[in-house]
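# how would this look folded up:
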Amino acid sequence: MWKWLHPYAKAQTAYRLCNTLLPYFAVVAVASIIIGWVWGLGFAPADYQQKDSYRIIFIHVPSAILSMGAYSSMAIAAFIALVWQLRNAELAVIAIAPVGAAMTLIALITGAAWGKPMWGAWWVWDARLTSELILLFLYLGVISLYNAFEDKGSAGRASCILALVGAINLPIIHFSVEWWNTLHQGATITKFDGGAIDASMFWPLMVNILAFAAFVGTVVLMRLKNEILLREKHRPWVKGLITNQTQLENQNVGDKNAV
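Got it, this is the predicted structure:
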């Protein structure tokens, strides 16, 4: 495991990897968001019970899945940071936290908007909703804890510990509809019995899940690049990047003036 992680312990290598992956994630995100939203919101058939109001599923379900997926990634990064003492893994935790919090907030808002016509209430203290709200508080806790320390080394370790402890909430969110009698519907897309969700709704939903995943990946990579630059701002390679960027901008200005 260490042999695989060791090259990315170097900040410059991790930064280059982010630069390499970022265009691919961005292209997939833009293309799949356009396809998924047009397909799901414009061409998927209306539900026989919920009519067109069910279409919020194409935003709610991907955001809910990515809220847990982002936290899972954050917990894995926190584990790597604590066990193998990789500073870049700490930075990944900090890069993921605000993005995961945004996904969780979107899931809660769209869930409330969907629940109003279906349940007759914007919010009920349902097990799934409550555990998802706790997930938002965990994200905010990681962000606040990191910003509470002046020493960013201590801040990163404290945030990683909280991220790992909070991971126990993930199975609670996932299995809450099975462990307790809740209003929230059970799993649909993970059931492959052919009757849970029609293919005309299933495939645009899959495209939207891919879109949200690629979008989260894009934003996390951008944030991770910024965190690396901030942490390594006094390193020669960062100063070299700034110098090269300045020279490129000056050259572009000169070319425009020449024209």
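# helices of this structure, start to end?
2-5, 11-38, 57-84, 87-119, 127-148, 152-166, 169-179, 199-231, 236-258 (DSSP state H).
# relative to residue 45, which of those helices is closest?
Nearest to residue 45 among the helices of the chain is helix 199-231 (5.5 Å), distances taken as Cβ to Cβ. Just so you know, the C-beta spots here come from the backbone N, C-alpha and C atoms, and that holds for glycine as well.
# against which helices or strands is that closest one packed?
Applying 3 or more Cβ pairs under 8 Å, 6 or more residues apart in numbering; DSSP states H and E, we find helix 199-231 packed against helix 11-38, helix 57-84, helix 87-119.
# need the ones you listed in JSON lines (columns: mean neighbour count and distance to residue 131).
Converted to JSON lines, the helices and strands packed on helix 199-231 look like this (neighbours: other Cβ atoms under 10 Å; distance: least, Cβ to Cβ, whole Å):
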{"stretch": "helix 11-38", "mean neighbour count": "16", "distance to residue 131": "27"}
{"stretch": "helix 57-84", "mean neighbour count": "21", "distance to residue 131": "10"}
{"stretch": "helix 87-119", "mean neighbour count": "21", "distance to residue 131": "11"}
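# low pLDDT regions in this protein?
Where the chain drops to pLDDT under 70, the residues are 1-5, 177, 179-196, 250, 252-259.
# ok, now how distant is the closest residue to residue 222 other than its chain neighbours from residue 136?
Nearest in space to residue 222, with sequence neighbours left out and distances taken as Cβ to Cβ, 6 or more residues apart in numbering, is residue 22 at 6.8 Å. The gap separating residue 22 from residue 136 is 27 Å, by Cβ to Cβ, to the nearest Å.
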